[in-house]
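> just a sequence and a predicted model for now, questions to come.
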Amino acid sequence: MDGTIRKLFGAAGTMSVFAAASWYAGSRVAADAPPAPQLNELGRQFASDPGDGWMLLGGFLLIIAVAVACAGAMLWAQEAKDGG
């Protein structure tokens, strides 16, 4: 069971790193993009900035990483309860 827990925490850590890399890529795309044309107030609410897709992907990866880490913590707690 220790191998499973280690793999879950490793997967959560890897996804967290990928989420940070995705956020960084999104911020670089947004910073390198030309300025957006001036929109009216309603249009500004629905306009998407360059790099939003990368940042959204990073957010989803972070949510999945937290879920996987919680699963690993639950297995770890269950094993500690059963073993001692």
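On my side now, so go ahead.
> which residue is nearest the middle of this protein?
Geometric centre of the chain, nearest residue: Leu62, 2.4 Å, by CA atoms, centre = their mean.
> how about the contacts made by it?
Contacts for Leu62 (CB atoms under 8 Å, 6 or more residues apart in numbering) come out as Met15, Ser16, Ala19. C-betas here are computed from N, CA, C, even on glycine.
> again, only using 10 Å
Leu62 makes contact with Ala12, Met15, Ser16, Phe18, Ala19, Ala20, Ser22, Trp23, according to CB atoms under 10 Å, 6 or more residues apart in numbering.
> now list the buried members of these.
Buried members of these, counted by 16 or more other CB atoms under 10 Å: Ala12, Met15, Ser16, Phe18, Ala19, Ser22, Trp23.
> quick one: which of those residues sit in helices?
Ala12, Met15, Ser16, Phe18, Ala19, Ser22, Trp23 (DSSP state H).
> quick revisit: what comes up buried for the host helix or strand of the residue nearest to the centre of the chain?
Element membership of Leu62, judged by DSSP states H and E, is helix 52-83. By neighbour count on 16+ other CB under 10 Å, the buried set for helix 52-83 is 54-55, 57-58, 61-62, 64-65, 68-69, 71-72, 75-76.
> who's in contact with the closest residue to Gly58 other than its chain neighbours?
Nearest residue to Gly58, sequence neighbours excluded (CB to CB, 6 or more residues apart in numbering): Ser22, at 3.5 Å. Residues near Ser22 by CB under 10 Å, 6+ apart: Gly51, Gly53, Trp54, Met55, Leu56, Leu57, Gly58, Gly59, Phe60, Leu61, Leu62.
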